[in-house]
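**Student:** give the three-dimensional model of this entry:
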Amino acid sequence: MDLHLLYIIFIIIVALAFDYTNGMHDAANSISTIVSTRVLTPKLAILWASFFNFIAFLVFGTAVAKTIGSGMIDPSVVTPTVVLAGLLGAITWNLITWYFGLPSSSSHALIGGYAGAAIAAAGSFGVILSAGWIKTLIFIIAAPAIGLTLGFLFKIATSWIVHKQKPALINKWSRYAQLVSAAAYSLGHGGNDAQKTMGIITSLLVAGGMLSSFVIPLWVVLAAQAAIALGTLSGGWRIVKTMGQKITKLQPIDGFCAETASAISIFTATHLGIPVSTTHVITGAISGVGAVKRITAVRWGITLKIVWAWLFTIPAAALIGVFFYSILKLFLPH
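**Tutor:** Residues are numbered from 1 along each chain as shown. As a prediction, this is how the structure comes out:
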């Protein structure tokens with residue numbers, strides 16, 4: 001086996017490691033509400049989320065993968081080393097924010113690290129393809145706003161529908177409903193986020209001469225879905241605590257509203273090929289649900305801390321990507 005092929009295989013392993021950390025980092029998004037409302041135990045919640053993370057490829061296409069792999073960075077500048085540096089930038093930022101319990105966006109860490117490495121390789125910002133970036137940057141603002149609005153509206157609507165029912169009955173049926181909403185959210189999470197790794201691996205295969213055009217092989221799809229599902233299985237308890245307990249106190253009906261609002265938002269973005277942050281959406285939805293009770297029911301200080309993590313993610317991951325590329329180019333093929 002020649003060194004070039006070994007290098008490609010190594011980078012694919014790193015990409016799947018990123019996908020794994022994505023699942024680990026974003027496990028909180030999938031299970032925080034259903035755990036905090038005590039509908040499922042943590043272990044059962046993780047199994048539930050992981051299953052729907054994996055089967056997402058049966059529901060969604062690969063539009064997001066195409067945006068990430070060929071719609072954001074000029075393919076002519078992409079080399080295996082650029083891909084590797086970008087992945088290392090994203091993984092490093094994921095681990096930093098995981099350590100501090102900040103639910104930042106793995107998606108934006110990936111595109112930030114990838115862009116930083118590409119800019120370092122080309123020595124110019126001209127490698128950035130504006131079309132793919134515009135819709136992604138718009139959704140940095142739009143995603144939490146949509147989640148917040150839908151969460152707020154769903155909570156009002158469900159409260160009006162059940163206002164004459166006994167609390168015990170409401171709680172009982174809300175718990176069943178939340179199983180469905182958590183499954184839908186996990187399906188959306190697996191569908192949108194795993195595609196980002198598919199896009200990166202496929203762009204690597206094209207750059208490495210393994211593929212003649214950007215067509216995603218089935219084995220790449222299955223590997224990416226399996227990696228994110230295994231990452232979710234590993235949990236991410238620091239972030240679960242932030243998402244499920246620190247933003248606002250949740251009841252089962254609240255969890256149902258937040259997850260349903262998030263699932264709708266993510267399904268829409270995935271259909272449009274937009275690499276949306278599932279973290280942004282669920283945080284906005286939880287805040288919107290909590291705000292229905294009263295504005296002070298949401299711990300806006302925690303939310304603001306999360307927002308700062310969002311704002312720093314792309315530039316921070318990009319700088320780390322630049323750093324890794326600068327080091328790797330000294331020892332590896334450009």
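**Student:** name the residues of stretch 136-148 that are buried.
**Tutor:** Buried residues in stretch 136-148, counted by 16 or more other C-beta atoms under 10 Å: 136, 139-140, 142-144, 146-148. Heads up, the C-betas are built off the backbone N, CA and C, glycines and all.
**Student:** which residue, other than its chain neighbours, is closest to residue 184?
**Tutor:** In space, and not counting its chain neighbours, residue 184 is closest to residue 263: 3.9 Å by C-beta to C-beta, 6 or more residues apart in numbering.
**Student:** so the one you found is in which element?
**Tutor:** helix 252-272 (DSSP states H and E).
**Student:** equivalent analysis for residue 68, please.
**Tutor:** helix 63-70.
**Student:** Throw the buried residues of stretch 136-148 into TSV and include distance to residue 278, secondary structure and pLDDT, thanks.
**Tutor:** Output for the buried residues of stretch 136-148, formatted as TSV (distance: C-beta to C-beta, whole Å; DSSP: H, G, I helix; E, B strand; the rest coil; pLDDT from 0 to 100):
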residue	distance to residue 278	secondary structure	pLDDT
136	14	helix	84
139	11	helix	82
140	13	helix	77
142	14	helix	83
143	9	helix	80
144	11	helix	81
146	12	helix	89
147	10	helix	88
148	14	helix	89
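**Student:** which among those gets closest to residue 159?
**Tutor:** The closest of these to residue 159 turns out to be residue 148 (C-beta to C-beta; 16.6 Å).
**Student:** right, and that closest one touches residue 290 too?
**Tutor:** No. Contact criterion C-beta atoms under 8 Å: residue 148 and residue 290 do not qualify, at 9.8 Å.
**Student:** before we move on, back to that, how many other residues sit next to the residue nearest to residue 184?
**Tutor:** Residue 263 is flanked by 25 other residues according to other C-beta atoms under 10 Å.
**Student:** was I right about it contacting residue 181?
**Tutor:** Yes. Residue 263 sits in contact with residue 181 when judged by C-beta under 8 Å, with a separation of 6.6 Å.
**Student:** quick one: contacts for residue 233?
**Tutor:** 23, 46-47, 50 (C-beta atoms under 8 Å, 6 or more residues apart in numbering).
**Student:** rerun that using 10 Å as the cut-off
**Tutor:** By C-beta atoms under 10 Å, 6 or more residues apart in numbering, the contact set of residue 233 is 20, 23-24, 27, 43, 46-47, 49-51, 53-54.
**Student:** and the pLDDT at it?
**Tutor:** Here the pLDDT value assigned to residue 233 is 81.
**Student:** the longest helix seen in the chain to helix 63-70, inter-axis angle?
**Tutor:** Secondary structure of the chain per DSSP state H: the longest helix is helix 167-207. Between helix 167-207 and helix 63-70, the angle comes out at 40 degrees (axes from the mean of the first three to the mean of the last three C-alpha atoms, to 10 degrees).
**Student:** what residues sit buried inside stretch 119-132?
**Tutor:** Within stretch 119-132, the residues that count as buried by 16+ other C-beta under 10 Å are 119-122, 127, 132.
**Student:** check stretch 279-299 too.
**Tutor:** In stretch 279-299, counting by 16+ other C-beta under 10 Å, buried: 279-292, 298-299.
**Student:** returning to that earlier point: as CSV, the contacts of residue 233 with secondary structure would be great.
**Tutor:** Below are those laid out as CSV (DSSP: H, G, I helix; E, B strand; the rest coil):
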residue, secondary structure
20, helix
23, helix
24, helix
27, helix
43, helix
46, helix
47, helix
49, helix
50, helix
51, helix
53, helix
54, helix
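**Student:** one step back: export the helix holding residue 263 to CSV, keeping only CA atoms.
**Tutor:** Taking C-alpha atoms only, helix 252-272 is exported to CSV below (Å, rounded to 0.1, in the frame of the first residue of the first chain):
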residue,chain,number,x,y,z
PRO,A,252,-42.7,17.2,29.3
ILE,A,253,-45.1,19.4,27.3
ASP,A,254,-42.2,22.0,27.1
GLY,A,255,-39.8,19.4,25.8
PHE,A,256,-42.3,18.3,23.2
CYS,A,257,-42.7,21.9,21.9
ALA,A,258,-39.0,22.6,21.8
GLU,A,259,-38.1,19.4,20.0
THR,A,260,-41.0,19.7,17.5
ALA,A,261,-40.0,23.3,16.7
SER,A,262,-36.4,22.3,16.3
ALA,A,263,-37.2,19.3,14.1
ILE,A,264,-39.3,21.4,11.7
SER,A,265,-36.5,24.0,11.4
ILE,A,266,-33.8,21.4,10.8
PHE,A,267,-35.9,19.3,8.3
THR,A,268,-36.4,22.5,6.3
ALA,A,269,-32.8,23.5,6.3
THR,A,270,-31.6,20.0,5.4
HIS,A,271,-34.1,20.0,2.4
LEU,A,272,-32.6,23.3,1.3
